[in-house]
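Trainee: here is my input, please return the structure:
(chains A and B)
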Amino acid sequence: MSATLEGYNFAYLDEQTKRMIRRAVLKAVAIPGYQVPFGSREMPLPYGWGTGGIQVTASIIGADDVLKVIDQGADDTTNAVSIRRFFRRTAGVATTTRTEEATLIQTRHRIPETPLREGQILVYQVPIPEPLRWLEPRETETRKMHAFADYGIMHVKLYEDIARFGRIATGYNYPVMVNGRYIMSPSPIPKFDNPKMDRNPALQLFGAGREKRIYAVPPYTRVESLDFEDHPFEIERWERACALCGSTESFLDEVVMDDRGGRMFVCSDTDYCESHRPDRSEQEAAE
Amino acid sequence: MSVPSLATGFDDPVQDGQRVFRAVLDAMSRPGRIVPLPRLPEIPAGLHASSAAVALALLDLETPVWLDEAASPAAKWLRFHCGSPLTAAAGDAAFALIADGTRLPDLDLFPIGTPDYPERGTTLLIQVAALAKGRGHRLRGPGIEHETFLDAEGLDEALWRHMAQGRDRFPLGHDVMLLSPDALACLPRSIILED
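Mentor: Numbering: from 1, shown residues only, chains lettered A, B, ... in the order given. Below is the predicted model of the structure:
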């Protein structure tokens, strides 16, 4: 563990800000799927880099937490590395890349493949928390739609997809209904991850820094992806397996290998991929 | 003339505040679960150690607090440590601290939020003599895998009726923290309660 930075409070935020965020988190948990406004603070990184998720993490993290941070499933990309380092330096907490070892996981745009367990907390970074925003730009109107559960506009959008493309064309940020009451943006995770949100034993918290909203899905809460009886919700499937670990279960990224059309499909979740690869020592013995 | 003494707050406001909040978060996200709270060095008059710890962790200058008569000896302590404005008008309360769970005030006087801003409903901190799981009232809803049972000693039965009726008000309503001397259990407004 590296030495913590001097001159900053534990986990960077001041105590009054943490209390304000903590109160918003508790209300978010009590009203699953509802977006609670909060006084988002200026953070030492730009909007779009996870300022909402970082503020939520900073307000709940404790000295004995073990933190994992992923960006599009990977532990080793810029955003994940810098956020992990931020909390190592400001809170002195232990960090890990292993999903099973983490008590707190901050994520940008994926849910780990390894099933989460009770007691873990998953914090999502959210760019646009309002699922109705692209359909209705006025906050006053979307707020009323949520208040009266008037969600016809969203079903019309999905229906228009079917009329135009023959299927619901939304591949990520696929809207969900939480606890049968609020339509919620799951953040830009692929729809492949949507079923993992349903009745998950872990607590799921969502932070949007620029839009100043916090929302939550408590453990074991119903999360249904919107669909129609004759066009049921489906997740994407690949015809190939991961080129590194051979998994046919996980979400695959397509990687361009050369300028002659070479392609490689690999797991987006680096921790899952590494733990599913054939044992290295066996490989070396075979060589 | 002696200087009236005031009970101290957290030994370590940063770490203790975080630990208490995580206990509250655990309880709120798993309704009915009885979560122990860290001990306080000194307990202010009128309050349980548990409710004093929750007050220190969650209340500040932004949260108007309503006190019942039994909690009023703690008014000075709350003003000093939390800096919260105390309000006599239930309609202004972000939090209500009800130290005597056997004598509940009229809960309908506290805000339940508005359809546009349901989070403005009051959080009720209610002190009880003891909490017991596995018997009593059957709870279902978000945060509970199948069902769980919770009972409280020293609590007016009206509270259970109030929360059972909450199902018709949802997403408006009150979020309740039941505080025994050393632990808490939560009943968020999303709870489904039937007897």
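Trainee: what count of nearby residues applies to B:R103?
Mentor: Summarising burial for B:R103: neighbours were counted as other Cβ atoms under 10 Å in any protein chain shown, giving 11. To be clear about C-beta, it is placed using only N, CA and C from the backbone, and glycine gets the same treatment.
Trainee: for A:Y182, what are its contacts?
Mentor: A:31-34, A:146, A:149, B:171 (Cβ atoms under 8 Å, 6 or more residues apart in numbering or on different chains).
Trainee: pLDDT added to the residues you listed, as JSON lines?
Mentor: Output for the contacts of A:Y182, formatted as JSON lines (pLDDT from 0 to 100):
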{"residue": "A:I31", "pLDDT": "98"}
{"residue": "A:P32", "pLDDT": "98"}
{"residue": "A:G33", "pLDDT": "98"}
{"residue": "A:Y34", "pLDDT": "98"}
{"residue": "A:H146", "pLDDT": "98"}
{"residue": "A:A149", "pLDDT": "97"}
{"residue": "B:P171", "pLDDT": "97"}
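Trainee: looking at those, which are in helices?
Mentor: Using DSSP state H, the subset of the contacts of A:Y182 located in helices is A:H146.
Trainee: buried only: go through the contacts of A:Y182 for me.
Mentor: Buried members of those, scored by 16 or more other Cβ atoms under 10 Å in any protein chain shown, are A:31-34, A:146, B:171.
Trainee: now the strands for the stretch 151-287 of chain A?
Mentor: A:176-178, A:182-184, A:203-208, A:213-217, A:223-225, A:252-256, A:263-267 (DSSP state E, counting those that start in this stretch).
Trainee: ok, which of those strands comes nearest A:E136?
Mentor: Closest approach to A:E136 among those (Cβ to Cβ): strand A:182-184, 12.1 Å.
Trainee: partner strands of the closest one, with direction?
Mentor: Note on strand A:182-184: by DSSP bridges, its sheet partners are strand A:176-178 (antiparallel).
Trainee: show me what the longest helix belonging to chain B is packed against.
Mentor: Secondary structure of chain B per DSSP H: the longest helix is helix B:13-29. Secondary-structure packing of helix B:13-29 (3 or more Cβ pairs under 8 Å, 6 or more residues apart in numbering or on different chains; DSSP states H and E): helix A:15-30, helix A:51-60, strand B:35-36, helix B:49-58, strand B:175-180, strand B:183-187.
Trainee: kindly recompute the last result at 6 Å.
Mentor: Helices and strands touching helix B:13-29, by 3 or more Cβ pairs under 6 Å, 6 or more residues apart in numbering or on different chains; DSSP states H and E, are helix A:15-30, strand B:35-36, helix B:49-58, strand B:183-187.
Trainee: could the ones you listed go into a markdown table alongside distance to A:Q55, mean neighbour count and mean pLDDT?
Mentor: Below are those laid out as a markdown table (distance: least, Cβ to Cβ, whole Å; neighbours: other Cβ atoms under 10 Å in any protein chain shown; pLDDT from 0 to 100):
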| stretch | distance to A:Q55 | mean neighbour count | mean pLDDT |
| --- | --- | --- | --- |
| helix A:15-30 | 6 | 24 | 98 |
| strand B:35-36 | 24 | 15 | 98 |
| helix B:49-58 | 17 | 26 | 97 |
| strand B:183-187 | 23 | 26 | 98 |
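Trainee: show me what secondary structure element comes after the lengthiest strand in chain B.
Mentor: Secondary structure of chain B read by DSSP state E shows that its longest strand is strand B:130-140. Following strand B:130-140 in sequence order, the next helix or strand is strand B:148-153 (DSSP states H and E).
Trainee: flag every buried residue along that next one.
Mentor: Neighbour-count burial for strand B:148-153 flags B:148, B:150-152 (criterion: 16+ other Cβ under 10 Å).
Trainee: relative to chain A, which of those is nearest.
Mentor: B:T148 (10.8 Å; Cβ to the nearest Cβ).
Trainee: residue contacts, the closest residue to the closest one other than its chain neighbours?
Mentor: The shortest distance from B:T148 to any non-neighbouring residue, by Cβ to Cβ, 6 or more residues apart in numbering or on different chains, is to B:G32 (4.1 Å). By Cβ atoms under 6 Å, 6 or more residues apart in numbering or on different chains, the contact set of B:G32 is B:139, B:148, B:150.
Trainee: ok, the first one touching B:T148?
Mentor: Yes. A contact is recorded between B:L139 and B:T148 when judged using Cβ atoms under 6 Å, the distance being 5.1 Å.
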